[in-house]
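Colleague: I would like to see how this sequence folds:
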Amino acid sequence: MRYENLGRSNIKVSNICLGTMTWGQQNTEAEAWEQMDYAVASGINFFDTAELYPVPRKAETQGLTEAYIGSWLEARGGRDKVILGTKVVGRGDGDWFRPFSDTTRLNREQITYALEQSLRRLKTDYVDLYQLHWPDRPINLFADSRGYVHREAPDSIPLEETLQVLGDLVTQGKIRHVGVSNETSWGVMKALHHSETAKLPRVQSVQNAYNLLNRLYEQGLAEISAREGVSLLAYSPLGGGALSGKYLGGVLPTGSRQQLFPGFASRYQGTAVEQAIGKYKRLAEDHGLTVVQLAQKFVDSRPFVTSSIIGATTLSQLQENIAAFEVPWTPELETGVNRIHLENPDPAP
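Modeller: Residues are numbered from 1 along each chain as shown. Alright, predicted model coming up:
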């Protein structure tokens, strides 16, 4: 296991972060505990969760993931040995998140309420990293289309105002550090500008999708990570499970996410995605690897990635994912993945 600073903070996080978004829907509390026990025993010290989890999101299960982590922390102890990150939802229409509003916004009232609820479920009095799950302003990062679509929203909560709220919570000791997620280059740089000019909390990390099927982070954000010391916490390193190869040929294994939730993570479906995965699978096999090993180690080998967020629904999957990081990354593998990327650029934007 490798440990690096989270952004420019003095927190050291493992290069593998335990993702948790299936706990409470696909995974039971006992299975969540089993995964946390194994992760810690393997040297992982970094857990990522969110008030929204599990996914797909719904009122009946919202908050269960954090509650499972809280019960484990209460039973196992050692809170100071776990770097715990969670997230507050951005602008949206989930009317079950706030008892006083049918929409979610990144303003003082809602962030304060959300954090208090997360701390209660997590059974802790602070989180190490509090992240904005997505911005308050409208952007099309979740759309099945490339490119930037500008949408004016005069009522958007200014990023500076959101950071002021987070700054107060840092002062109160309820948050150690701040991060963003599903964010653009403009959003990250704007947050850094506010931190420097208004003495607001510095964004230490950005949690965006990054994998062999979606390398868009390299177009601008990677340079920000390198030059500004903002850690990439890469989510979906296996492309929602697609880079395991289990969906090739239209197969939908029983209990898999695409079988249980048709249309979920649809960006990782389709002819172009399947063609690219087939090529990566052949490259991996030519080098005596599985496509899981190739995909996980590719993300881990990027100099701008601080930690890869891995998720699993079975202990055997978790074991396979963790073991994949031990594979050496070679110049031949680098040449091979870049060749395929040029032939099949970002089929899952």
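Colleague: Past the host helix or strand of Val178, which element shows up next along the chain?
Modeller: Per DSSP states H and E, Val178 falls inside strand 175-181. Counting by DSSP H and E, the next helix or strand C-terminal to strand 175-181 is helix 185-197.
Colleague: Check the gap between the most far-flung residue of the chain relative to its centre and Ile175 for me.
Modeller: Distance from the C-alpha centroid of the chain peaks at Asp286, with 30.2 Å (Cα atoms, centre = their mean). For Asp286, the distance to Ile175 equals 47 Å [Cβ to Cβ, to the nearest Å]. Yep, even glycine has a C-beta here, placed from its N, CA and C like the rest.
Colleague: Same check on Lys190?
Modeller: For Lys190, the distance to Ile175 (Cβ to Cβ) stands at 20 Å.
Colleague: can you map out the helices along this structure?
Modeller: All helices of the chain, identified by DSSP state H, fall at 29-41, 64-76, 108-122, 159-171, 185-197, 221-228, 257-260, 271-286, 291-300, 315-324, 331-343.
Colleague: and the third one, what's its mean pLDDT?
Modeller: For helix 108-122, the per-residue pLDDT values average out at 98.
Colleague: For Arg137, give me its contacts.
Modeller: By Cβ atoms under 8 Å, 6 or more residues apart in numbering, Arg137 lies in contact with Arg91, Ala153, Ser156, Leu159.
Colleague: Output stretch 307-314 as PDB, restricted to C-alpha atoms.
Modeller: Provided in PDB are the C-alpha atoms of stretch 307-314 (Å, rounded to 0.1, in the frame of the first residue of the first chain):
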ATOM      1  CA  SER A 307      -6.300   7.400  -4.600                       C
ATOM      2  CA  SER A 308      -8.600   5.100  -6.600                       C
ATOM      3  CA  ILE A 309     -12.000   4.500  -5.100                       C
ATOM      4  CA  ILE A 310     -12.800   0.800  -5.500                       C
ATOM      5  CA  GLY A 311     -16.200  -0.700  -4.900                       C
ATOM      6  CA  ALA A 312     -17.300  -4.300  -4.600                       C
ATOM      7  CA  THR A 313     -20.500  -6.200  -3.900                       C
ATOM      8  CA  THR A 314     -18.700  -9.400  -2.800                       C
END
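Colleague: Which positions within it qualify as buried?
Modeller: Ser307, Ser308, Ile309, Ile310, Gly311, Ala312, Thr313 (16 or more other Cβ atoms under 10 Å).
Colleague: what's next to that stretch, contact-wise?
Modeller: Here stretch 307-314 makes contact (Cβ under 8 Å, 6+ apart) with 4, 13-22, 26-27, 31, 35, 46, 48, 207, 231, 233-238, 255, 257, 296, 299-300, 318, 321-322, 325.
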